[in-house]
Structure formats: C-alpha cells, structure tokens
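# below are the sequence and a predicted model; questions follow.
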Amino acid sequence: MISLENLVKIFPLSGGDKVAVDNISFDLPKGEFFTLLGPSGCGKTTTLRSIAGLEKPTAGTISIDGEKVYDNKVIVPANKRGLGMVFQSYAVWPHMSVFENVAFPLHVADERPSRSEVKRRVHETLELVDLGGLGQRPATMLSGGQQQRLSLARALVKQPKMLLLDEPLSNLDAKLRDRMRSELRVIQQHLGITTLFVTHDQVEALSMSDRVAVMNNGKIEQIGGPRDVYHDPLTAFVADFIGGANTLDGIVEAVEPDGSAILSTECGRILGRGLPDLVVGRPAVASIHLEDVQLSTDEATNLSQHNVFEGVVSLGLFNGPSVVYRLYVGDQLIEAQLGGHDAFAQGTEIRVILPKRHIRILQRGPEDLAPARGVEEK
Amino acid sequence: MTVTDVVVEAPEASKPKRRSRISGKALYITGTVALLGYLVAGPLGVLVFSSFKRTEGTLPFEAESPYTLENYSDVFLSSSTFSTLWNTAIYAAGALTLSFTIAITLAWLVERTDIAFRNTIYTMVIASLGIPAVISGISWGLLGSERIGVVNVFLRWAFHLDGIVGPFNVFSFPGMILVQSLTMVPVTFLLISGAFRAMEASLEEAALISGASFRQTLGKISLPVLAPALFSAVVYQLVTVIESLDIPLIIGFRGNILVLSTRVYLEVQPIGGLPNYGMASTFSILMLFVAVGPLLYYNRLISRSDRFSTVTGKSYHQKRYELGSAKPFVTIAVFGYLFLALLLPILILVWTSLLPFYQVPSIDAFSDLQFDAYRNLNDSAFFVDALKNTVIVGATVSLTVMVVGVLVAWIVVRSGSRWSGALDVLAYVPHAMPGVIIGTSILLIYLVVPVPVAGTVWIIVIALSTQYISLSTRLMNGSITQIQVQLEEAAEVSGASQTQVFRKILLPLILPPFVNGALLVFLLSIRNLTLALILASPKAILLSVLIFTRWDAGQTEDTAAIGVVLVIVTVTLSIISRRLSSNGDVAR
C-alpha cells in the first residue's frame, strides 16, 4: 500500500544541519493501523509530513499504491496524492460552516461530484463521526472534541487511499481522549482504511495499532505488534520509552547457550532473557515491567535463589485499581505495581522477586539518551 | 481597599464639618474620567456649538456672532462641497487600493515565502515609517515636478521623449494618490503582517491535502481567514487617509485638488482674509461623519473577532512557500520598490540640501556641493528654537499620553468599575477625530478658557495628547490584558495594598511596552504636521512647520536641510522602537 525506502530529511540550520529523519524504511499493507511512536523531535512528524507531501525529503523513495510519489526524479504535490490528514491543531477553517469544511475536498476535486452527491456524502461522513445534524453550525462553534471529529470527517469524505493522523488526540482532555481512542479505531476498522498514526503517547500506540514503530533520533529502533514491542523490547530505549520499565545497569557476566544471560548489578546477579548481541564484560541493562515485579513478606522465600533480593518499602501510591510501590534494594530504586488490595506499610522489609521470564537483558547503546531509571536517583 | 483610603474635607463650609471618606480608587477613577472627558468631549462640544454660529472674522463665543443654520446650508447646498466629497472619495479609494496592494504583497513575501534578505526588507519597510509625510510630499515634489523633477528628466532621457516637460506631473490627482499610498504602506504593512505571521500554516496545508491547488488555497482559505485583519486595517487606514493633511496640502493644493481636510484647513488658515471658524466647524462635523461610519463598522468587526479564534497546536516550524526560479526576480522587484519609496526621496533631499540652488543631479553639479544650508541652520534662531520646541513637545506628549494610557487601561481592563466601558469608548473617539478637527476645536477652546496656553507650545502638547490618547490606551490595554491577573492577586494575598500592587507588580511588568509606546508617540508627535501647523504661532514653531513654511516660501535648500535633520531623528527612532518591541525576531 505504502512503502518508504531509505527516507532522509535534513533541515539546514545556521548552527549546523539537523538530521530529522535518518534513513528509515517501512511498508504498510492495506488496511493496517500503523503507528510512529517516539519522543518529541524524534522525526515522526517529519516522516508523516513527507508522506503527505508537505515536506520535501532530502533523499529516499516514497510510493503509495505502487506509484512513486517521491524519489530523486518525481515529486507529486500534496494536493495530488489523494490522502486524508488530521492535524494536531485540527486546522478547522474558521470562516466556513461544518458542512462547508467537510464538503471542501469534494469541491476542489478534479472530478467534482454533483451537488446532491456532495450533500449525500458529507452527511454520510458527518453521521459516521457522530456529528449528524450539526452541518449548518459555524465550525468555530464546536467544542474541541467536535472540531476533532469534524477534522476527521473532512479527511475521510473523499475516501482517501490513506489516512494520516498527526497527534490528533493530544489537544483533548483525558476522558475525551480515552473515548476517542476506541471510536477512532472502530471507524478505521469499519472503513478498513490504511492509517498512519503519529503519537508520543505509548498507551495510544499500544491500544490502537496493528503495528508500532518506535523512533528515536530520526531512526526506527523497533517495529512490531504492540505485544512484541512491549514484552520483547530490542533496545533499552524501547524498554524505557514504551513500558516505563525498571532498568538496572550492570555488566554482562555470562551468556548461556539457551539464550539466557547473567548481569552483575549493584543489587546482585540478575538472570534474564538475553539477546544474541550481548558481549561478556560489556555494560547492559536488565529491564522488567512494574507489574511483573513480585513482593513477598514470607521470610521463607529463599534469598539464595536467582533474582530474589531484600528491599525496603519507601513509598506506596494507591491509585484505585493498583498500587505503585517504590522500593530500595540497597541504593537501587525498583518500582513495583501491585493490585489495589495489596498493602504494605512504609518501611516494611520485603523480599523483591524479579521472575526470570519477565526480564530482558539489553545492550546499552551509547546513543541511548534516556538514562536508566534508578541511576539518577542515587 | 481600606489601606488606600484618603480623607477629604467636605466642600460646603456652611454645614457642620463632616469627614467624608472617599476611597482612593474612586478618586482615581473619577479623576481619570474627568480628565479624559475634558480632553475628548470638550473639543466635540465646542465643535457642535461653533457650527451653529455665524462667524465672519469674529469668534464663535463672542456676542456679535449670531446663532444660525447658515453654515450648514452653505456647506450642504454648495456644489463645491460635493466636488470636495467626490475628490475625497476618489483620493481615499485610490490610496487605499494602491497601498494595500503593495503592503499585502510585501507582507506575504516577508512572512510566508523564502524571499532573500527578509530581515533587511523588514527593517527598510520599518525605517520608511520614520519618514514624515511632509518630507515625502516635499521629496516627491522635487522628484516629480514636470520640468526639473529627477523622475521626469530620467524618463525623458531613457525614452528619448521630446520637450522639456512631463511625462509625469506629481501635482495631479494620480500623483497625490501615489505619494499618499507610499506614505501609508509602512503602517499598513505593520497592521497586517502580524496576521500573516500568526495564521496557522496547517489551515493552508489541510486545503492542499484536500486536493486544492495553490490558487484555490489562496482564494478560498488564506484570504478569507485573513479577511477580518485586512478589513480592520482598511478601516483604520481609511480614517488615516481622510484626516491626512500633509500630502493634500503639499501636493494636492498645488494641483488645485481640494479634499475635506484641506477645506477645513483653509477655513481656519485662509490665504488672505480672516478665519471662519463656524464654517470650519461645520466642515469638521461633515468630516467626522465620514470617518465615524467606518469606525463603528470596525468596532463591530472587532467584537465579533472571537468567532474566528481556533484551537492552536504546537508551533511546528512554519513552512515557507518556495518561490523557486522566480526568487531572484521577486527579490529585485522588492528592492526596486524600496529604492523608489525609501532611498530616492532621502537621496534627493540630501542632494538638494547640499546645493546653493536646486539643480538636476549630474556630474557637473557635484562641484557645487557645499554645506552652506547646514551652516545657515546652525545660525538660524528659528531653527534652534524649532528644534528645542520639537524635543520639548515630543517628550512631554509621549510621557503624558503613556501615563494617561496606563491609568485608563487599568480601569478598563482590571478595575471592574462601571465606568470602564464608557472610558474605553471615550479614549477611542480621538482615533476617529481627524487632526484638523482636533486642532480647530482646541484652538477655539483656548480662545475662551482662561488658561494661558494659546500661542505657546503647550497648546500643541494638549492637542497632540488628545490625538494620541487612543493609541496609548490601545497599546496599554493589550499589555495589561496579557499580564495574568493571578500575578496581581498573588501580590495582594501576600499583603500588598492596591497601590503597592500597581507600583511593584504592574508597573515593572508593563515597563517595556510603556517605553516602546513612548518612543512611538514621540516619533508620531514630531512628524505630525497637521496640529503643529494649525496651532502654530511665532513663538511656537516646530520642525515640521518650519519645513512646510520654508517649502511654501520656495526656500528649497533650507527645507531640504531641515528635512534631513528631521529624517535622521525619526528613522533612527522608528528602527529603535521596532528593535525594542520585537527583539528582531520578526522575519527570521
């Protein structure tokens, strides 16, 4: 459906060039909901704008439906690419009514549909996004959530080859955002439209996407299904950015033939699932999600076992469905998320269990900007 | 606030002495309302009163001036009034069309395209803001005169035209419109460029993605979205063109073209004969109506402007339209315009000031260059006085007007007083009052009111203050609105009295816009010809008036030398003022 090959975008700046997109490639099959996830400045929006035709890449190839829209010879302008896009600011035209906003793409189409056809399709699309009956309102009389739906309707009305969503939910308040997440996904699946979604919110990315590409510094660090990137991160950056996992620094002590590895950390030795690129004697991190950490007050828990440590509860934050505990094993901070019914008092001495199957031992690359959690707390 | 309560004596002595407590805030609000009422409502009242008095050589307040409607019948039944109105209409329409075409093009190029030397262009446009209209008029008089104007000499040479006159005569209707337009471009540019800059680029991008072409995007999205800003600028500048006296007097009058402002001026300062204040007032009232209509419409536009506010997203770096292969040509065209509008008038002024008598610029004439005109200036008591007066007037007016502006703006924005609405309107009225009207009515007031300001520079100070009060109030309204009310509340909760809040929180925060506003008012005051001319007397001559009278007397070299001095001051001021207000980050 859409394919990017070796896309590069360099912004010339007075203080030296900034490489916004650094040689990235991916393919989207028809009907997929694909997400570019990353912190601000990672190049995700520039990638999306390059596909839209709003930004001229420095090098690479972009094709839509097998047709090249950008390479070193061809540049198809934005208005000829037949895409739909929702902007972060919604870009609702303030001088038009709701109906006029949605009808605009049809009015400027090469083959302009008849008046009654325009009317039918606009109303259909407005119904789809739950704005039926608001067509005659001035567009600026809509609430933020409604403007967002209007912007979606405008992007969909021409039945575009592909839908581009540039952080569409970031201007909504939390409750509305939760609702729009599922509604957006329902509409996308209903229409079966190929969708490229850009966000910095990992919850949005995980809950809505078929596949997620995690970006950092203009590069894609990992592409995979939401479960893959969450449970099996390939880099320390992905582990930290997506899961907000505990990351414990250490030195690789041994790599076993079955793929498991032993990391020597301040807490002690940690056994976990390794990656093939680990090298004995090199720095690495052990990452484990908060909800995978187990706690026990049972004195009988064997401390000589792998991955069992003695810790102290320093703080518990109850938020309803769960409690997040901050624990110290020596000077190392570890966070654990338990069900809302568990309760440990501050200062409780406790056994911290890090199950081997939930631990990833990851190489710490020099380019990983995000520091490991706990290190800075010392 | 009880802390600031002051105790005043009850005025009536007959009653037993009683202490009445009036809060400082109430006193301050009442005082400000009274001051503004005196400055603004006073002149209006005088104007209406005088328009019903028959005054041929007499003053409206004298007993021998009878009440009459004759002024109105004279004005409205005379065919010359209608030709004046017609002239004014054509003049306004022509100048607005031309100046907006130029300003919109410049604003779009500077704010939305990748044209080369953006900062230089921006600075040059702003610098031309500093050229007083009176100077523009004189420079173009020199450049465009039929026989010896540089432009005509050049055109005759370039196109091998026969004869010694033409082809272009600046002292004509088109000439007057052209020069007026050039003087209006900088302000128009300032009024609209902000809107071009602030417009969310995603609105246009969304249209492109929807499949619209560049022209469809421009016509259906960009211009309609900018329409409110453009309309309000048109109305603002319409008032400017109706009230302008400089160009109609310097260029139009010599070409026998009279507009409303020249008619009022000629009634007050006739060439031979005595002033007819009654007729002047009646003409003024006619003029006020012409100016107030658009202004009311403008206010309605402003009040609806929130309808056009939209959600704004993160500021993604604004993408500029790429001019591509047209870029060098467009850049050259813009610099060509700037040469014509800014450099050429200054060059001719400098040239003229360095010659004993005007000559068409040529290699031969270089040998005649000398500094006599400047030496004469230095010796001329007139010039030294005028310079001193100009500085005194500029400094006093800018300080007064800005202080009153802060006082009024605080009441309007923050006090919650029931006077705030009325005060806002009152402070706005002078904007609709053409300078000739303010000048005339203030002249009339101080013929009667026993304050000895008539014939001194202080009457000019009062008039200029009245004129610019609306500008300073607008400026300070905007600045105070931008300061979060919580900052003041936090100070109050910390135990500060309202006076302390005003002094220690509000004043430091509004100091930068205050200083910038003061500079702007200073600049406008010293380049103002209208008021200074109407209220001038031998003891109260300002530079702008001196320039005009020397020009009128045919002393071209002196005129040019004084003009050069004035332009150096005003252009420097206008550049400093823009640097302060934008820190130069405007067109990066």
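Happy to help now that I have it. Numbering: from 1, shown residues only, chains lettered A, B, ... in the order given.
# which stretches of the stretch 251-400 of chain B form helices?
Ranges of helices within the stretch 251-400 of chain B are B:260-268, B:277-303, B:327-338, B:344-353, B:372-379, B:381-410, based on DSSP state H, counting those that start in this stretch.
# and the angle from the fourth one to helix B:372-379?
What that stands for is helix B:344-353. Comparing the axes of helix B:344-353 and helix B:372-379 via axes from the mean of the first three to the mean of the last three C-alpha atoms, to 10 degrees yields an angle of 80 degrees.
# what about helix B:344-353, distance to the chain center?
Mean C-alpha position of helix B:344-353 versus that of the full chain (C-alpha atoms, centre = their mean, to the nearest Å) differs by 24 Å.
# list the helices and strands that helix packs on?
helix B:133-143, helix B:556-582 (3 or more C-beta pairs under 8 Å, 6 or more residues apart in numbering or on different chains; DSSP states H and E). To be clear about C-beta, it is placed using only N, CA and C from the backbone, and glycine gets the same treatment.
# could you tell me the least trusted of those?
Here the lowest mean pLDDT among the helices and strands packed on helix B:344-353 goes to helix B:556-582, at a mean of 81.
# report the angle between whichever helix or strand residue B:175 is part of and helix B:327-338.
In the assignment (DSSP states H and E), residue B:175 maps to helix B:173-198. On the basis of the same axes, to 10 degrees, helix B:173-198 is oriented at 130 degrees to helix B:327-338.
# and helix B:173-198, average pLDDT?
pLDDT averaged over helix B:173-198 gives 88.
# ok, which stretches of chain A are helices?
Taking DSSP state H as the criterion, chain A carries its helices at A:44-52, A:98-107, A:115-128, A:144-156, A:174-191, A:202-208, A:226-231, A:236-243.
# which of those helices sits closest to residue B:563?
helix A:44-52 (51.9 Å; C-beta to C-beta).
# how about residues contacting the closest one?
A:2, A:4, A:7, A:9, A:20-21, A:24, A:36-38, A:55-57, A:62, A:64, A:70, A:78, A:81, A:83, A:85, A:164, A:166-167, A:196, A:198-200, A:215, B:205, B:209, B:316 (C-beta atoms under 8 Å, 6 or more residues apart in numbering or on different chains).
# of these, keep whichever come out buried.
Buried members of those, counted by 16 or more other C-beta atoms under 10 Å in any protein chain shown: A:2, A:4, A:7, A:9, A:20-21, A:24, A:36-38, A:55, A:57, A:62, A:64, A:70, A:78, A:81, A:83, A:85, A:164, A:166-167, A:196, A:198-200, A:215, B:205, B:209, B:316.
# in strands only, show me those residues.
A:2, A:4, A:7, A:9, A:20-21, A:24, A:36-37, A:62, A:64, A:70, A:85, A:164, A:166, A:196, A:198-199, A:215 (DSSP state E).
# tell me where chain A is predicted with low confidence.
Applying pLDDT under 70 to chain A flags residues A:301-304, A:365-378.
# cool, and chain B?
B:1-22, B:56-58, B:61-66, B:298-318, B:581-588.
# and the strands in it, which stretches?
B:6-9, B:19-22.
# just the C-alphas of stretch A:90-99, formatted as PDB.
Taking Å, rounded to 0.1, in the frame of the first residue of the first chain, the C-alpha atoms of stretch A:90-99 are listed here in PDB:
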ATOM      1  CA  TYR A  90      -7.400  20.200  13.700                       C
ATOM      2  CA  ALA A  91      -6.900  23.100  11.200                       C
ATOM      3  CA  VAL A  92     -10.700  23.600  11.000                       C
ATOM      4  CA  TRP A  93     -11.300  26.500   8.700                       C
ATOM      5  CA  PRO A  94     -12.900  29.200  10.900                       C
ATOM      6  CA  HIS A  95     -14.800  31.000   8.100                       C
ATOM      7  CA  MET A  96     -16.800  28.000   7.000                       C
ATOM      8  CA  SER A  97     -19.700  26.000   8.500                       C
ATOM      9  CA  VAL A  98     -19.300  22.400   9.500                       C
ATOM     10  CA  PHE A  99     -20.800  21.300   6.200                       C
END
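# so what's the residue nearest to residue B:346 when sequence neighbours are not counted up against?
Of all residues not flanking residue B:346 in the chain, residue B:567 sits nearest, at 6.3 Å (C-beta to C-beta, 6 or more residues apart in numbering or on different chains). Shown in contact with residue B:567 (C-beta under 8 Å, 6+ apart): B:130-132, B:135, B:346, B:349.
# same question for residue A:164.
A:48, A:51-52, A:83-86, A:155, A:195-196, A:198, B:209.
# relative to residue B:208, how far out is the closest residue to it other than its chain neighbours?
Once flanking residues are discounted, residue A:164 sits nearest to residue A:85: 4.2 Å by C-beta to C-beta, 6+ apart. Using C-beta to C-beta, to the nearest Å, we find residue A:85 at a distance of 9 Å from residue B:208.
# any shared contact partners between the two?
Common neighbours of residue A:85 and residue B:208 (C-beta under 8 Å, 6+ apart) do not exist.
# list the contacts of residue B:341.
B:128, B:182, B:185.
# now, among those, which is nearest to residue B:533?
For those, the nearest to residue B:533 is residue B:182 (21.1 Å; C-beta to C-beta).
# quick check: the closest one vs residue B:128, distance?
Counting by C-beta to C-beta, the gap from residue B:182 to residue B:128 is 8 Å.
# report the contact partners of residue A:248.
A:263, A:265-267, A:270, A:285-287, A:332, A:334, A:372, A:374.
# and it, how close does it get to residue B:406?
Applying C-beta to C-beta to residue A:248 and residue B:406 gives a distance of 60 Å.
# any idea how far residue B:240 is from chain A?
From residue B:240 across to chain A, the span is 27 Å (C-beta to the nearest C-beta, to the nearest Å).
# grab the nearest non-local neighbour of that residue.
Nearest non-adjacent residue to residue B:240 (C-beta to C-beta, 6+ apart): residue B:184, at 6.6 Å.
# wait, isn't the one you found in contact with residue B:241?
Yes. Assessed by C-beta atoms under 8 Å, residue B:184 is found in contact with residue B:241 at 6.9 Å.
# joint contacts of these two?
Shared contacts of residue B:184 and residue B:241, counting by C-beta under 8 Å, 6+ apart, come down to B:95-96.
# wait, what's in contact with the residue nearest to residue A:339 when sequence neighbours are not counted?
Nearest non-adjacent residue to residue A:339, counting by C-beta to C-beta, 6+ apart: residue A:322, 6.1 Å away. Residues in contact with residue A:322, defined by C-beta under 8 Å, 6+ apart, are A:291, A:337-340.
# residue B:152 too?
By C-beta under 8 Å, 6+ apart, the neighbours of residue B:152 are B:144-146, B:165-168.
# just residue B:404 next, same as before
B:32, B:35-36, B:465, B:469, B:472-473.
# for it, give its distance to chain A.
Plainly put, residue B:404 is 36 Å away from chain A if you go by C-beta to the nearest C-beta.
# grab the nearest non-local neighbour of residue 137.
Let's take chain A. In this structure, residue A:137 finds its nearest non-sequential neighbour in residue A:98, 5.1 Å apart by C-beta to C-beta, 6+ apart.
# the intended chain is chain B.
That would be residue B:250: by C-beta to C-beta, 6+ apart, it lies 3.4 Å from residue B:137.
# my guess is the one you found contacts residue B:548. True?
Yes. Checked against C-beta under 8 Å, the pair residue B:250 and residue B:548 is within contact range at 7.4 Å.
# more neighbours: these two, which one.
residue B:250 (26 against 23; other C-beta atoms under 10 Å in any protein chain shown).
# quick one: residues contacting the more buried one.
B:134, B:137-138, B:141, B:548, B:551.
# would you reformat those residues as a markdown table and include distance to residue A:174?
Listed next are the contacts of residue B:250 as a markdown table, based on distance: C-beta to C-beta, whole Å:
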| residue | distance to residue A:174 |
| --- | --- |
| B:134 | 61 |
| B:137 | 63 |
| B:138 | 66 |
| B:141 | 68 |
| B:548 | 67 |
| B:551 | 69 |
